[in-house]
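# Take a look and give me a structure for this.
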Amino acid sequence: MIPKVFKEVIDLGDGREISIETGKLAKQAHGSVVVQSGKCMLLCTVVSNYKQSDVDFLPLTVDYREKFAAAGRYPGGFFKREARPSDGEVLTMRLVDRVLRPLFPKDYHSETQVMIQLMSNDEEVMPDAMAGLAASAAIQLSDFPFECAISEARVGRINGEFVINPTRAQLQESDIDMMIGASADSVMMVEGEMDEISEEEMADAIKFAHEAIKAQCAAQLRLAEAFGKKEVREYEAEREDEELAKKIHDLAYDKVYAIAKAGSSKHERSASFAEIKEEIKASFSEEDIAEFGDLISKYYNKAEKAAVRDLTLKEGLRLDGRKTNEIRPIWCEVDYLPSTHGSSIFTRGETQALATVTLGTSRDANKIDMPSYEGEENFYLHYNFPPFCTGEARPIRGTSRREVGHGNLAQRALKGMIPADCPYTVRVVSEVLESNGSSSMATVCAGTMALMDAGVQMKKPVSGIAMGLISNSETGEYAVLSDILGDEDHLGDMDFKVTGTADGITACQMDIKVKGLSYEILVNALQQAREGRLHILKKLTDTIPAPAADVKPHSPKMVTRTIPNEFIGALIGPGGKVIQELQKETGTTIVINEDPVTEEGIVEILGTDQNGIDAVLAKIDSLMFKPQVGSVYEVKVIKMLDFGAVVEYAEAPGNEVLLHVSELAWERTENVSDVVNMGDVFDVKYLGVDPRTRKDKVSRKALLPKPEGYVERPPRNDKDRGRGRDDRRGGGRDNRDRKPRRD
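Predicted coordinates:
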């Protein structure tokens, strides 16, 4: 039976469009769509169990995978099967999850899976820009309790003009690469990198993307209407008790308000809040605790949140006693670790990051192998968030999605400031040692100082700050919070992280939790963030004003040399013998790459000993040495033979040539040692390539005056040479009957 297919098309302009189709694939899922642009096709399916899970949160899993078959390729590795998700796939999962999760009801706890797969790749289309659209469209066809349609779009700016969902090639020319997630009414998520743009320009880019998202949301609703929108499922909602909620609010509010106003450290404050919660629980009977225990905790948390928010809105004070625009105390240090190539400590309040820098060759680049993109990164940053940094003991199960996301944000913040001519592959690692508010921004600050300490000539230093927002939709009051605490992140209406130089924004990440946030508030928040960024930036530059002039003595020095392709083989040697021995002798690492533009070889020489590097350079110069016909060169005798001497060019050690006995002197030379000996140094004239031997020919006698009365013997012709050779063998034709010699 031919399935009935429903389809909607979205016009992106410039002849590009996105189609959303359903009814053909994965019909047992609770919702499924195929989203297509060009040859790029994403299949998204959504399923949610009808039974509520026994947890107090939404167990939502967003999974995004790119199939290698989509690009006509095999997976790498031994098993030839897609394995764990790549960092790129994890980042796409996070982008979608952050927009979807807030739109489910807070009391909806059914196991829910959103699975998005790249089924067909198009090199001109970046699939991650359509993942949010695919997820929301599939949910619109389901019976999930979901607030409204959303979508995501990438925005770039090329020559001053904004572009929606630019190609990867266009992004190379763009000074903005931002992903925006939004509903028709509100912007909910922003993440991206920029080339030092202003706060107003960033707001304009968000507005432009939002207009495109509105059209994508409308297309989803049309598709759901045509397909037949399902009734929203019924589920067992969490019980509520307004009387209990009021009682707990009255018991907790004033006490929490007083502790919050006093200002204290994270652990002191947490202990005090825990005491209040226990006091409230103690006021209830054991029977009430057994029946309402979960509600008591829930209503206490609501009362705590209300008290802390009111303190900020009414008095402009925060949990640790700071004003809304005040930054926590900062101390910094560089060159802390003696053996690393660069290191720094950045401590802001109760957040601390220790960053290290390692310098390497192109062989150390981070390889990216995805169906939608193949390449490598010569600058990359890894972020580690161990349990002890928050005073916890919990299982360690590899790199988390959060660590991948935070590391990527810090990497995007810094990478634009690494000069294009930096010869090294640079790896930054941030170890978060304490955390109470934005360890990712601490990573940016620590990373900047570590790079400068390592001698990486950054264009400009970069700082970062995490901002928050507390607002009251009824009164219109709001407070923008600079340098937020972990608790403020949880209870606030917006969490946005902004990084930049003194001249503009380089990266951002925002999660907006309130509907209809005005662009006026957004720009005001960004302006306050700029003031905070500059304050932090001064702390960094007070610690290390500029990049170190050179790398550390124990750090590897990098020298690059371009050589014609014809010499690469000689440098490598048969089976790599020459290059391996050279690396061993000089204590260097030598990497040879081919420049696809010039088609020349690029030799990277990495070593801590300058003498070793110089020896490699001398070897390359020697291999590339080409004597000029008629030129005079100094040589040294390195080997004595019966028919001449092997000499080495002084300016190209290792470059040898035979000085034939006939070119030693004008007089007849019976023994080579009569004229030259081992170790003798003298000049020779280069005569070019001998047409008979096809080897280089040099002469010592050409630089000597001819003896008086010297008569040059006429050259013998070929017939003479042949007859002479036959005569020496015992005759020519006359001896053809001679018995053959036994070998």
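# List the neighbours of stretch 240-247 that are in contact with it.
Defining contact as Cβ atoms under 8 Å, 6 or more residues apart in numbering, one finds that stretch 240-247 is touched by 292, 295-296, 299, 302. Bear in mind the C-beta positions are built from the backbone N, C-alpha and C, glycine included.
# swap the cut-off to 7 Å and go again
When contacts are defined by Cβ atoms under 7 Å, 6 or more residues apart in numbering, stretch 240-247 is touched by residues 292, 295, 299.
# And stretch 262-274, by the same measure?
When contacts are taken as Cβ under 7 Å, 6+ apart, the neighbours of stretch 262-274 outside the stretch itself are 256, 259, 304, 319-321, 350, 436.
# Need the residues that contact stretch 409-423.
Surrounding stretch 409-423, the residues in contact under the criterion Cβ under 7 Å, 6+ apart are 193, 195, 379-381, 383, 426, 430, 440, 443-444, 447-448, 456-460, 462, 464, 497, 499, 506-507, 509, 558, 560.
# burial count for the nearest residue to Tyr383 once chain neighbours are set aside?
Taking Cβ to Cβ, 6 or more residues apart in numbering as the measure, Tyr383 lies nearest to Gly407, with 3.3 Å between them; neighbours along the chain are not counted. Close neighbours of Gly407, defined as other Cβ atoms under 10 Å, add up to 24.
# Was I right to think Gly407 contacts Leu381?
Yes. With contact defined as Cβ atoms under 7 Å, Gly407 counts as touching Leu381 (5.5 Å).
# Would you mind finding the longest strand in this structure?
Of all the elements of type strand in the chain, the one with the most residues (DSSP state E) is strand 40-52.
# elements contacting that one?
Contacts of strand 40-52 with other secondary structure elements, assessed using 3 or more Cβ pairs under 7 Å, 6 or more residues apart in numbering; DSSP states H and E, are made with strand 31-37, strand 110-120, helix 128-140.
# want to throw the ones you listed into a markdown table with distance to Thr361, mean pLDDT and mean neighbour count?
As requested, the helices and strands packed on strand 40-52 are arranged in a markdown table below (distance: least, Cβ to Cβ, whole Å; pLDDT from 0 to 100; neighbours: other Cβ atoms under 10 Å):
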| stretch | distance to Thr361 | mean pLDDT | mean neighbour count |
| --- | --- | --- | --- |
| strand 31-37 | 38 | 97 | 25 |
| strand 110-120 | 33 | 97 | 21 |
| helix 128-140 | 30 | 97 | 28 |
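# between those, which gets nearest to Ala218?
Ranking those by their distance to Ala218 (criterion: Cβ to Cβ) puts helix 128-140 first, at 11.3 Å.
# After that closest one, which helix or strand is next? Please name it.
Following helix 128-140 in sequence order, the next helix or strand is strand 150-158 (DSSP states H and E).
# Pull up the pairing partners for that following strand, direction included.
The strands beside strand 150-158 in its sheet (DSSP bridges) come out as strand 161-164 (antiparallel), strand 176-183 (antiparallel).
# And the contacts of the shortest one?
The one in question is strand 161-164. Judged by Cβ under 7 Å, 6+ apart, the contacts made with strand 161-164 from elsewhere in the structure are 12, 153, 155-156, 170, 205, 208-209, 212.
# Selecting buried members of those in PyMOL, what would you type?
Typed into PyMOL, the line below selects the buried ones among the contacts of strand 161-164, using 16 or more other Cβ atoms under 10 Å:
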select buried, resi 12+153+155+156+205+208+209+212
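# Quick check: the farthest pair among the contacts of strand 161-164?
Checking these against each other with Cβ to Cβ, the farthest-apart pair comes out as Leu12 and Ala205, at 16.3 Å.
# one step back: save the contacts of stretch 240-247 as CSV, and put in neighbour count too.
Shown next, in CSV, are the contacts of stretch 240-247 (neighbours: other Cβ atoms under 10 Å):
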residue, neighbour count
Phe292, 18
Leu295, 17
Tyr299, 23
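# can you tell me which of those are in strands?
The subset of these located in strands under the criterion DSSP E is empty.
# about what we covered before: would you list the buried entries among the contacts of stretch 409-423?
Of all the contacts of stretch 409-423 considered here, the ones buried according to neighbour count by 16+ other Cβ under 10 Å are 193, 379-381, 383, 426, 430, 440, 443-444, 447-448, 456-458, 462, 464, 497, 499, 506-507, 509, 558.
# and these, which of them are in helices?
Of the buried ones among the contacts of stretch 409-423, the ones assigned to helices by DSSP state H are 440, 443-444, 447-448.
# and of these, the nearest to Pro596?
Closest approach between these and Pro596, by Cβ to Cβ: Gly447, at 30.7 Å.
# what sits against Asp696?
Under the criterion of Cβ under 7 Å, 6+ apart, the contact partners of Asp696 comprise 627, 657, 689.
# Please convert those to JSON lines, extending it with pLDDT.
Written out in JSON lines, the entries for those read as follows (pLDDT from 0 to 100):
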{"residue": "Pro627", "pLDDT": "87"}
{"residue": "Val657", "pLDDT": "90"}
{"residue": "Val689", "pLDDT": "89"}
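# Buried ones among these?
Burial by neighbour count, 16+ other Cβ under 10 Å: within the contacts of Asp696 this picks out 627, 657.
# Considering the ones in helices among the buried ones among the contacts of stretch 409-423, which is situated nearest to Glu585?
Within those, proximity to Glu585 (Cβ to Cβ) peaks at Gly447, which comes in at 36.4 Å.
# how about the residue nearest to Ala548 when sequence neighbours are not counted, what does it touch?
Leaving aside its chain neighbours, Ala548 sits nearest to Gly455 (4.2 Å; criterion: Cβ to Cβ, 6+ apart). Taking Cβ under 7 Å, 6+ apart as the contact definition, Gly455 lies against 547-548, 550-552.
# tell me which residues of the longest strand of the chain are tucked away?
Residues of strand 40-52 classed as buried: 40-48 (neighbour count, 16+ other Cβ under 10 Å).
# Distance to Leu664 added to the helices and strands packed on strand 40-52, as JSON lines?
Putting the helices and strands packed on strand 40-52 into JSON lines (distance: least, Cβ to Cβ, whole Å) gives the following:
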{"stretch": "strand 31-37", "distance to Leu664": "78"}
{"stretch": "strand 110-120", "distance to Leu664": "74"}
{"stretch": "helix 128-140", "distance to Leu664": "74"}
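# Would you mind telling me which of these is nearest Val187?
Closest of those to Val187 is helix 128-140, at 12.7 Å (criterion: Cβ to Cβ).
# ok and the closest one relative to strand 176-183, angle-wise?
Using axes from the mean of the first three to the mean of the last three Cα atoms, to 10 degrees, the direction of helix 128-140 lies 10 degrees away from that of strand 176-183.
# how much distance is there from the helix or strand containing the residue nearest to Tyr383 to the middle of the chain?
Of the helices and strands defined by DSSP H and E, Gly407 is found in helix 401-415. Taking Cα atoms, centre = their mean, to the nearest Å, one finds helix 401-415 lying 8 Å from the centre of the chain it belongs to.
# avg pLDDT for it?
Within the predicted structure, the mean pLDDT of helix 401-415 is 96.
# Now it: buried residues?
Neighbour-count burial for helix 401-415 flags 403-415 (criterion: 16+ other Cβ under 10 Å).
# Equivalent analysis for stretch 203-217, please.
Within stretch 203-217, the residues scored as buried using 16+ other Cβ under 10 Å are 204-206, 208-210, 212-217.
# ok, the residues you listed vs Ile572, which is closest?
For the buried residues of stretch 203-217, the minimum distance to Ile572 (Cβ to Cβ) is 48.8 Å, reached by Ala205.
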